[in-house]
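Participant: predicted model and sequence below, questions to follow.
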Amino acid sequence: MYLSFTMEGKDVRSDKEWKEVLTREQYRALRKHGTERAFTGKYWNTKTPGTYVCAGCGAPLFESVVKYDSGTGWPSFSQPISDQAVETDSDRSLGMARIEAHCANCGGHLGHVFPDGPEPTGVRYCINSVSLELRSEEQE
């Protein structure tokens with residue numbers, strides 16, 4: 001993975017370019033707002049220390065120290081690595097009102113944010129494993 005930037009500091013690639021660098025599952029989640037099934041992603045139960053980065057562009061998103069078992073079957077985090085790492089938007093698809101989380105660098109869909117997380121934030125970032133790559137402490 002690599003970080004790609006434009007003059008504005010964001011990673012903007014064409015749909016064709018994204019299809020060339022992402023797997024089918026990554027493309028479906030990151031670019032088409034798909035969701036993997038609960039308890040099937042590679043990180044839902046991982047406890048390896050490190051940094052979770054965007055599978056699309058490599059931007060750091062979450063530290064493993066804020067990952068917790070929410071019982072939902074998706075990796076859950078209480079906060080992003082910085083205020084600038086993850087952006088949110090309103091998502092009214094599927095007949096519900098939710099908050100979508102996406103990578104601030106490339107705009108890739110990560111998952112959703114819910115108000116039922118642990119203190120001190122009270123927030124749960126419910127993220128697709130396929131939208132992430134884990135850089136273990138040994139790799140950093």
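Facilitator: Looks like it arrived, so ask away. Numbers count the residues shown, from 1 in each chain.

Participant: where do the helices of the protein begin and end?
Facilitator: Assigned by DSSP state H, the chain shows helices spanning 15-21, 24-30.

Participant: so for the protein, the centremost residue is which one?
Facilitator: In the chain, the residue lying closest to the centroid (C-alpha atoms, centre = their mean) is L110, at 3.4 Å.

Participant: show me the contacts for that one.
Facilitator: L30, C54, L61, V86, A101, H102, C103, Y125, I127, N128, S131, L132 (C-beta atoms under 8 Å, 6 or more residues apart in numbering). Quick note: C-beta positions are derived from backbone N, CA and C, even for glycine.

Participant: what separation do you get for the third one and K19?
Facilitator: I take that to be L61. 22 Å (C-beta to C-beta, to the nearest Å).

Participant: what's the answer for the last one, then?
Facilitator: Remark: distance between L132 and K19 (C-beta to C-beta) = 19 Å.

Participant: more neighbours, these two?
Facilitator: A direct count of neighbours by other C-beta atoms under 10 Å for L132 and K19 places L132 higher, at 27 against 13.

Participant: report the beta-bridge partners for that one.
Facilitator: Under DSSP bridges, the beta-bridge partners of L132 are C54.

Participant: right, and it touches P75 too?
Facilitator: Yes: with contacts counted by C-beta atoms under 8 Å, L132 reaches P75, the gap being 6.8 Å.

Participant: show me the common contact partners of these two, please.
Facilitator: Y43, Y52.
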